[in-house]
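Engineer: What shape does this take:
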Amino acid sequence: SMAAYGAIVPEGDDAAMAAYGGIVHEGDDAGATTPLFSSDESSARGGSPSHSRSTSKFRRAALAASLLGVAGLAGYHYSGGALRDDTTHDMMATTTADAEEGDQYRPDANQRSKPGSVEEAFSGLMLRFDAMNADYEDELVGQGYPFITPGLVVEPFKDTKLTASPQGETETDELVSCQWSVKQVTGLEESSVYKADHATHKHEGVSVTHRFSSPGTHNVTVACLVEDTTTLERSTYEVAYEVDCLYVRRELRDLIPEDRNAFLDAFQTLTAVPTAEGQELYGEEYHDLDYFVNLHLTGASIRNTDWLHDGMGVLTQHASVTVRLELALQAINRSVTIPFWDYTRDSVQAKLYDGGDPATIFTSDFWADTFGLTDGVTHRISTGRFANQTVGVANMSDPSACHSAYGYARAPWNLNPSSYVTRYHKVCGISPDAVYSWPTCTNHFDLTFNYTTWYDWVWDVSYTPHGPVHLFIGGMGGSCNQMDLSPWLTEHEEKMFKYMMFAMQKNLWRSYAIEFPKYCTQDNSDECTIRCNTDNELTFVGALWDQMAGMMRLNTTEMEKFNNETIMEIAHASFCGRAPYAGDHLESSSPTEASFWPIHPTIDRLYQYKQLVAPFQEDVWDLDDEVPGQMYCIYSMQGGCMGHHAGDLCFTESISRVNGTYEKSYYTNYEMRTAMTPATYSLPYIYNDFEWDHCAQVTNATFPPVGDK
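Structural biologist: Predicted coordinates for the structure are as follows:
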């Protein structure tokens, strides 16, 4: 598997591990480290890092700002242990060992287990009430989450229907009138990222509509006059319950048109309104799309590593930036959430109706209405609100800015001369489905029920269960559309070479086997090509040989036919003096597309579902030196796997519930995973359901309801 990802991992690289396993103190000898926790302590805590109580939120931000220092963006790396703020109680998972010590961090009292149904919540009382989103009355939101009572979840800035009803021994009771009182009781502090509602709201009626305006806990009290229709006797009953106000993420196609348009319109605003202007209009949480593209671009385009992909931080890093973009969208429209895109639905559709070809989605009404169709000649978006969308332009006066040779906010290895967002939907002119399977129900089922360790799960989640979606959208074009490798490769080998060219190109650049121009213009685009570092031909041949063997999945015997001369001929036909390039969805600028953002919540949702129905038997993040082959990322030799350790900070701020208040701060991977785990949940959103009913049409793999383990 190491070779398959083009990684070179030295044996016994203890020095590199030590360098990233501790804190280098000022004044220490070069390279000296202080371990953040001992192996004994790690074992006692199930592999979780120790947590310092002395690191303030300001200190986190300062570290984040100073440690990246690339393209003028805030950074996030803090090697080894987790940074902690002594107020962030919600972010810390408690193990048995933690609880026994008595001084560790615990989630809010409000995050503890609540009744699992409305009936249970009001058991033994004469009166009850239900709360539901008036636009989604058929949903029972909150199932599976231990801190939520389904049927008593409300959403900010949505019309919520509050309905009282009698319950008790007699069936002849009827409600005559009701008085309601609604009051926010948590999240009132100034530190809240959401504006608190300090008012007490009054309503009258058996069923009323209320619009909650801030995530947090809200006390709902209702007093009703009840009449026994047989005896005509009247009594007054009163009940109160603390409901949870949370944003709810739904599948793209399950959104009512108004909600889907609200998300897409807000995203379009990010593409059109610069940050400075937007903050005047919408407030300080607004950032334009270029800001988020550059964050992702910087983290994924550093030459010696990738802080966001191909490693153990992929889930938490993307969850963090998704929360941050969601906050920017909410600055424009406070009701907006980022939906998830359950692409297993599309695999079922393709299998049942489209001859198994998932690419038919890109001509479907859903795709056209949501993200726009793609022009087959220019490869730009041709219809819809994102028609002719352009990519950002880099700050060329900043020598540290990540950009393509043409000055666009694209990866340094992308030689696309077009300023337009580009989609190919094919790889070097051929359909990707011959090698890449669109994520299926079986993929997601296996990931849920056939993986017992966090290590194995997180390594696989970014590839087959999710990665091909990026490839099917972005694809690859440029000079590789005309590439002919038939003199050296079989038909199958040539297909594999083309399918994996996007990864080989990036890996060859990261290993310094190839170079890309620093600057190109439209006038000299014919000269804007890859330069192969063939001064040391043996080194170059070795690098391409390794990539071909790993990426094309060829064994040693199959590779024997490729001598040095043959490898060089293949290089000149594919890379040297050529300009193949990926579509934007398949490289570091992928967040420029609206369709990028619902992809990763799907994996977030799958992680939450797994933790509810088939929790990891081993969730250790820190690796065991005694287990050969384990790694934090595939670039461990070059970049020390920054961004992929438990204690590395996420590269952007996120939001977590702290003592009842949702606060914005930088969190570590471990803290972010804790916040995403249902048993210790502290994020401001939930998913409306954990259902895969569509999968029953094509597979016997049944996804059990949450609660059925």
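Engineer: tell me the residue furthest from the middle of this protein?
Structural biologist: Most distant residue from the mean C-alpha position of the chain: Thr231, 59.1 Å away (C-alpha atoms, centre = their mean).
Engineer: which element is Gly477 on?
Structural biologist: Per DSSP states H and E, Gly477 falls inside strand 476-478.
Engineer: Can you point out the buried residues in the following helix or strand past that strand?
Structural biologist: Downstream of strand 476-478, the next assigned helix or strand under DSSP H and E is helix 491-499. Buried residues in helix 491-499, counted by 16 or more other C-beta atoms under 10 Å: Glu493, Glu494, Lys495, Met496, Phe497, Lys498, Tyr499. In this view, the C-beta of every residue, glycine as well, is placed from N, C-alpha and C.
Engineer: Surely the fourth one touches Met551?
Structural biologist: So the one you mean is Met496. Yes: judged on C-beta atoms under 8 Å, Met496 makes contact with Met551 at a distance of 7.4 Å.
Engineer: follow-up on the earlier one: what is the strand holding Gly477 packed up against?
Structural biologist: Applying 3 or more C-beta pairs under 8 Å, 6 or more residues apart in numbering; DSSP states H and E, we find strand 476-478 packed against strand 580-582.
Engineer: Centre of the chain to the strand it packs on, how far?
Structural biologist: 25 Å (C-alpha atoms, centre = their mean, to the nearest Å).
Engineer: Quick check on Val220: phi, psi?
Structural biologist: Main-chain dihedrals, Val220, degrees, to the nearest 10: phi -110, psi 120.
Engineer: Likewise for Phe129?
Structural biologist: The phi and psi values for Phe129, taken as degrees, to the nearest 10, are phi -150, psi 160.
Engineer: Offset the numbering so it begins at 32, please.
Structural biologist: Yes, from this point I'll number from 32; that puts the last item at Phe160.
Engineer: Which stretches in the stretch 432-581 of the chain count as helices?
Structural biologist: Assigned helices in the stretch 432-581 of the chain, in chain order: 472-480, 485-492, 498-505, 522-530, 532-541, 568-582 (criterion: DSSP state H, counting those that start in this stretch).
Engineer: Pipe these into a markdown table and attach mean pLDDT and distance to Pro715 per row.
Structural biologist: What follows is the helices of the stretch 432-581 of the chain, written out as a markdown table (pLDDT from 0 to 100; distance: least, C-beta to C-beta, whole Å):
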| stretch | mean pLDDT | distance to Pro715 |
| --- | --- | --- |
| helix 472-480 | 96 | 25 |
| helix 485-492 | 96 | 23 |
| helix 498-505 | 95 | 26 |
| helix 522-530 | 93 | 39 |
| helix 532-541 | 94 | 35 |
| helix 568-582 | 94 | 40 |
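Engineer: Asn364 is nearest to which of those?
Structural biologist: Closest to Asn364 of the helices of the stretch 432-581 of the chain is helix 498-505 (C-beta to C-beta; 25.4 Å).
Engineer: what's that closest one in contact with?
Structural biologist: With contacts defined as C-beta atoms under 8 Å, 6 or more residues apart in numbering, helix 498-505 is touched by 374, 389-390, 393, 453-456, 458, 463-464, 467-470, 533, 613-618, 621, 624, 626-627, 630.
Engineer: same question, stretch 548-561
Structural biologist: Contacts of stretch 548-561 (C-beta under 8 Å, 6+ apart): 436-438, 446, 448, 510, 536, 545-547, 562, 606-611.
Engineer: Point out the ones among these that are inside strands.
Structural biologist: Ile545, Glu546, Arg562, Pro611 (DSSP state E).
Engineer: Rebuild the helices of the stretch 432-581 of the chain as CSV, extending it with distance to Pro430.
Structural biologist: Below are the helices of the stretch 432-581 of the chain laid out as CSV (distance: least, C-beta to C-beta, whole Å):
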stretch, distance to Pro430
helix 472-480, 42
helix 485-492, 35
helix 498-505, 28
helix 522-530, 35
helix 532-541, 19
helix 568-582, 27
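Engineer: Off-centre distance for whichever strand or helix holds Ala293?
Structural biologist: Using DSSP H and E, Ala293 sits in helix 288-303. Relative to its chain's centre, helix 288-303 lies at 19 Å (C-alpha atoms, centre = their mean).
Engineer: likewise stretch 658-678?
Structural biologist: Centroid separation between stretch 658-678 and its chain, computed with C-alpha atoms, centre = their mean, is 19 Å.
Engineer: Now the terminal residues of stretch 331-351, how far apart.
Structural biologist: One end of stretch 331-351 sits 15 Å from the other (C-alpha to C-alpha, to the nearest Å).
Engineer: In it, which residues are buried?
Structural biologist: 331-333, 336-351.
Engineer: Can you flag which of these belong to helices?
Structural biologist: Among these, the members found in helices (DSSP state H) are Ala331, Ser332, Val345, Leu346, Thr347, Gln348, His349, Ala350, Ser351.
Engineer: before we move on, the earlier item: now for the buried residues of helix 522-530: which two are most distant?
Structural biologist: Farthest-apart pair in the buried residues of helix 522-530 is Glu524 and Tyr530; separation 10.7 Å (C-beta to C-beta).
Engineer: what about the strands in the stretch 582-731 of the chain?
Structural biologist: Assigned by DSSP state E, counting those that start in this stretch, the strands in the stretch 582-731 of the chain fall at 611-613, 685-689, 692-696, 716-718.
Engineer: Same question for the stretch 332-481 of the chain.
Structural biologist: Using DSSP E, counting those that start in this stretch, no strands are assigned anywhere in the stretch 332-481 of the chain.
Engineer: Flag the shaky bits of it, pLDDT-wise.
Structural biologist: The model of the stretch 332-481 of the chain has no residue with pLDDT under 70.
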